[in-house]
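Enquirer: when you get a sec, could you give me coordinates for this:
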Amino acid sequence: MDPELVRICQDMKTNPDMAKTYYINKDGLLMRKCLDGEKIDFENQLVLPRQCRPGVLHMAHDVPLSGHLSYARTIAMDIVGPLPRTKSGKSYILVICDYATRYPEAFPLAKANGRSIAKELGHYFSRFGIPKEILTDQGTEFLNEVLDELYQVLGIERLKTTPYHPQTDGLVERFNQTLKRMLKAYTVEKPGTWDVYLPYLLFAYREVPQASTGFSPFELLYGRKVRGLLDLIREKWVKSDPSSQTPLHYFEELREVLKRNRAWATKNLETSQKRAKRYYDKNARQVEYQAGDKVLLIRPVKSDKMSLCWDGPYTVIRRIGAVNYELATPNSRKKIKVVHVNLTKPWKERNYQVNQSTATPTEEYWSLPYPVAVAQTETLEELIQNVGVTNHQRNTLVKLIQRYPDTFTNRLGRTNLIEHRIELQGTVDPIKQKAYRIPAVKKGILRDAVSDMLRLGVIRASTSPWASPVILVKKPDGTYRPCIDYRKLNAVTKINAYPLPRIDDILDTIGKAKFITTLDLSKGYWQIPVEESSKTCTAFTTPYGLYEFNVMPFGLHNAPATFQSLVNKLFAEHHEYVAVYLDDIVVFDMVWDEHLAHLEIVFEILKAAHLTLRPAKCVFAHGMVTYLGHQIGTGIVKPSKLKIKAVADFPSLKTKRDVRAFLGLTGYYRRFIPKYASISEPLVELILKRNPTTVKWSLEAQQAFLLLKEKLMQEPVLHVADETLPFILQIDASGTGLGAVLTQVHGTEEHPVAYASRKLNSPEKNYSTIEKECLALVWGLRTFQVYLDGQSFEVHSDHQPLVWLHRMRNQNQRLMRWSLLTNQFKFNVRYKAGSSNKNADALSRIT
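Expert: Below you'll find the model as predicted:
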């Protein structure tokens, strides 16, 4: 006795009513009953003893006529081949599929031409009738005079797929794969016999339920299940009930079955299509073109039809339907082509400036522009207009500047204190890239740029085995500049981890000064030479030859580290009044005489290092200056007007890339925006991995987008931290978030120094109210530790977290850690009701 069947029989007696699957005893046979919500007449399954199962599995899987395929298979229609030639001379298969029933038919062909296809279509029509439409690709075997005449006589409309877009007829493409796998499995030893097995494999395919409809093609075509090999085995154990139906009753029942199957198949197909669309839309993006837009077209490589490449750009003439466009292709045999939108991508003039919010302010992914003007174009009279002091002080400053004519000039300096070296990751073969194509009308721009750089000694002719391509990038004023794509070189370069200074630390350092001067080096990177052994790696290719840099070009991976190490070396002993971020030098003082003396020291250092400044970019002795994207001075700091305008003019967000760019720009100024974490939450949700590339815009996202714009357009102002004044830390926690505000009292008014907020994670939301308040205290201390460590300050809260924390600190390890951290600070907790603690309270509760 099979022990498994014994167990099932016992369960059947003790628990006969099971949710969806149960067992019954029918005429002494154990039957498995499955309840399916979509198909009411689900048949009983015979439960076999263990010794009978191998034979049935062999019949189901190893005999071609059965070909048990399970549920996860699909079907389609097309020409398959060429295949190994059979004894009967067949090399191709004509596959035909009915889209309503998913019923496939396949005919072996000797030749894939119009006459052969027309002959087999006649056989198909004689069994299934004449269709109204036939969908094919644009192969010559389908587009010929024979089939044209056949379609015209029989009143058949021809539908064609878009070239190189098999998704239009995805059903056929998927079925071709299945059919070829089946043929391979049964003809591996005798490839020339595939036409013998073809009818049996088709039978196996037709009796298996199709995943998208829920029914087999046989069921949808005939309204009943066909009798297959597994049915023959079943009939040996289970006797069929004799039918007592009259012909009339049979046809009435058949009509109802066909009607019901059609309804269920339609419903299942819609569900399947929606599911497939949902998966596809996760990484899909909406693309629309207007007449005159430039696009790239994906096409097969002429020398290798299995490879694809992007070609173009081509001009869009007009849109045809929802997804097709008419393109002007003057260099092709057809001067005008209709293509599917999925075969194209937008051609854009790249703007390689990296936003200041997502990278360091002067770091760029590509090379920066060449100097179109070499001689000094700014006069001293123009220069002194930037002086923000009295006439007497300005005259003194002018005399100081006049002593350094070789420093204040557009001419490039060349320091001898450092050289840029490119270290590769082990043994790397030189990377040689082809030059990018440049429109004929723009080649003159590149030629002039190369000539200028040769004349300045920035580059030289090269015989290097390395080569990086050059492109032209459009500038805001409409002119173009050459840029070099060093991405592949950077990928094999060892990373120099030399740190860049923190921008917020620099702002805190210079913010209180009354006299601030900002100095800008003339093409600072180009004032650092490249080590001789590394020059070959900088080579770039143009239509006019191969060149390499004598000086450090922009776009190299370690260029910022090299430059920062130079300026840190120059001004290491002058950090009390000089701060430097790459090529942006700032000198700051509280007293005029000291500022003048410090400027002279800086000028002497630059002169000795053979570095030059660009006068037009220098600002002297102002109380408020724009530095690193901020307006800073006289004790306050706020976002620069240029960046505020960029936020105000930011276009609507359509893709994840757009959302990330906007969050990067606004996130750079999050310290100025109360409740930033909570306001931006709907936008952060859009860029999560589970969401599609094309964002689904919602009312909440629109409100967040507009509110962040509004917050920055109000030109928020923060006061620079004054270490001589005590700090106040306002904290609050709500059910969904934490808020903290660092403030100081100036005179009689309390002014914010910085805002901070964050959302609670899932475990934190389960904390009690007092625990959340303690968490807000600990998080606030950590966030503003750079200001509060070693200082005596007050904490304002609408609870008494410190008292509770000291009382409960031994209850668990988390509270103990919090207690130890708070002991590192010197502060007093002052209770303030929520109505009096509005700043932090609002930060936490906006969530």
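
Enquirer: hmm, Y755 and A677 touching each other?
Expert: No. Look at A677 against Y755 with C-beta atoms under 8 Å: they stay out of range, at 9.9 Å. Where you see a C-beta, it was placed from the backbone N, CA and C, and this is true even at glycine.

Enquirer: who touches both of those two?
Expert: Common neighbours of A677 and Y755 are listed as R670 (criterion: C-beta atoms under 8 Å, 6 or more residues apart in numbering).

Enquirer: chain center to the helix or strand harbouring V470: distance?
Expert: Following DSSP states H and E, one finds V470 within strand 468-474. Offset of strand 468-474 from its chain centre (C-alpha atoms, centre = their mean, to the nearest Å): 24 Å.

Enquirer: and that strand, what does it pack onto?
Expert: helix 443-456, strand 480-484, strand 540-542 (3 or more C-beta pairs under 8 Å, 6 or more residues apart in numbering; DSSP states H and E).

Enquirer: CA atoms of the second one as PDB?
Expert: Only the C-alpha atoms of strand 480-484 are listed here, as PDB (Å, rounded to 0.1, in the frame of the first residue of the first chain):
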ATOM      1  CA  TYR A 480      30.200  76.200 -28.700                       C
ATOM      2  CA  ARG A 481      33.200  74.900 -26.800                       C
ATOM      3  CA  PRO A 482      35.200  71.700 -27.300                       C
ATOM      4  CA  CYS A 483      35.000  69.100 -24.600                       C
ATOM      5  CA  ILE A 484      36.900  65.800 -24.200                       C
END
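
Enquirer: neighbouring strands - and their directions - for that strand?
Expert: strand 468-474 (antiparallel) (DSSP bridges).

Enquirer: now what about the partner strand, what contacts it?
Expert: The contact list for strand 468-474, computed with C-beta under 8 Å, 6+ apart, reads 349-352, 366, 431, 433-436, 438, 442, 445-446, 480-486, 488-489, 538-542.

Enquirer: in it, what's buried?
Expert: Neighbour-count burial for strand 468-474, counted by 16 or more other C-beta atoms under 10 Å, picks out S468, P469, V470, I471, L472, V473.

Enquirer: just the angle between it and helix 443-456, please?
Expert: Relative orientation of strand 468-474 and helix 443-456, computed by axes from the mean of the first three to the mean of the last three C-alpha atoms, to 10 degrees: 110 degrees.

Enquirer: in PDB, could you pull the C-alpha coordinates for strand 468-474?
Expert: Provided in PDB are the C-alpha atoms of strand 468-474 (Å, rounded to 0.1, in the frame of the first residue of the first chain):
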ATOM      1  CA  SER A 468      39.700  60.100 -26.400                       C
ATOM      2  CA  PRO A 469      37.000  61.700 -28.500                       C
ATOM      3  CA  VAL A 470      36.100  65.400 -28.700                       C
ATOM      4  CA  ILE A 471      32.600  66.900 -28.900                       C
ATOM      5  CA  LEU A 472      31.200  70.400 -29.100                       C
ATOM      6  CA  VAL A 473      28.900  71.600 -26.300                       C
ATOM      7  CA  LYS A 474      26.600  74.500 -26.700                       C
END
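
Enquirer: state the mean pLDDT of it.
Expert: Across strand 468-474, pLDDT averages out at 85.

Enquirer: cool, and stretch 530-537?
Expert: 94.

Enquirer: how far off centre is it?
Expert: Averaging C-alpha positions (C-alpha atoms, centre = their mean) puts stretch 530-537 35 Å from its chain's average.

Enquirer: ok, and what's touching that stretch?
Expert: 419-422, 424, 430, 462, 464-466, 489, 538, 548-552.

Enquirer: check those residues for burial and list the buried ones.
Expert: Neighbour counting with 16+ other C-beta under 10 Å marks 419-422, 462, 464, 466, 489, 538, 548-552 as buried within the contacts of stretch 530-537.

Enquirer: can you redo those residues as TSV with secondary structure?
Expert: Shown next, in TSV, are these (DSSP: H, G, I helix; E, B strand; the rest coil):
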residue	secondary structure
E419	coil
H420	strand
R421	coil
I422	coil
S462	coil
S464	coil
W466	coil
L489	helix
T538	helix
E548	strand
F549	strand
N550	coil
V551	strand
M552	coil
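
Enquirer: which of those residues lies closest to K523?
Expert: Nearest to K523 among the buried ones among the contacts of stretch 530-537: V551, at 8.7 Å, using C-beta to C-beta.

Enquirer: okay, and Y547 sits in which element?
Expert: Y547 is part of strand 545-549 when elements are defined by DSSP H and E.

Enquirer: now the element after that strand, going C-ward?
Expert: Where DSSP H and E defines the elements, the next helix or strand beyond strand 545-549 is helix 559-571.

Enquirer: packing partners of that following helix?
Expert: Under the contact criterion of 3+ C-beta pairs under 8 Å, 6+ apart, helix 559-571 touches strand 578-581, helix 592-608.

Enquirer: take those and write them to JSON lines, including distance to L718, mean pLDDT and mean neighbour count.
Expert: Listed next are the helices and strands packed on helix 559-571 as JSON lines, based on distance: least, C-beta to C-beta, whole Å; pLDDT from 0 to 100; neighbours: other C-beta atoms under 10 Å:
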{"stretch": "strand 578-581", "distance to L718": "18", "mean pLDDT": "92", "mean neighbour count": "22"}
{"stretch": "helix 592-608", "distance to L718": "24", "mean pLDDT": "92", "mean neighbour count": "17"}
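
Enquirer: among the ones you listed, which comes closest to K523?
Expert: Ranking the helices and strands packed on helix 559-571 by proximity to K523 (C-beta to C-beta) places helix 592-608 first, at 14.3 Å.

Enquirer: okay, that closest one in PDB with CA atoms only?
Expert: Taking C-alpha atoms only, helix 592-608 is exported to PDB below (Å, rounded to 0.1, in the frame of the first residue of the first chain):
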ATOM      1  CA  TRP A 592      40.200  96.900   6.700                       C
ATOM      2  CA  ASP A 593      43.900  97.300   7.400                       C
ATOM      3  CA  GLU A 594      44.300  93.600   8.100                       C
ATOM      4  CA  HIS A 595      42.400  92.800   5.000                       C
ATOM      5  CA  LEU A 596      44.700  94.900   2.800                       C
ATOM      6  CA  ALA A 597      47.800  93.300   4.400                       C
ATOM      7  CA  HIS A 598      46.400  89.800   3.900                       C
ATOM      8  CA  LEU A 599      45.600  90.500   0.300                       C
ATOM      9  CA  GLU A 600      49.200  91.500  -0.300                       C
ATOM     10  CA  ILE A 601      50.400  88.200   1.300                       C
ATOM     11  CA  VAL A 602      48.000  86.300  -1.000                       C
ATOM     12  CA  PHE A 603      49.200  88.200  -4.100                       C
ATOM     13  CA  GLU A 604      52.800  87.400  -3.200                       C
ATOM     14  CA  ILE A 605      52.100  83.700  -2.800                       C
ATOM     15  CA  LEU A 606      50.400  83.600  -6.200                       C
ATOM     16  CA  LYS A 607      53.200  85.500  -7.800                       C
ATOM     17  CA  ALA A 608      55.800  83.100  -6.400                       C
END
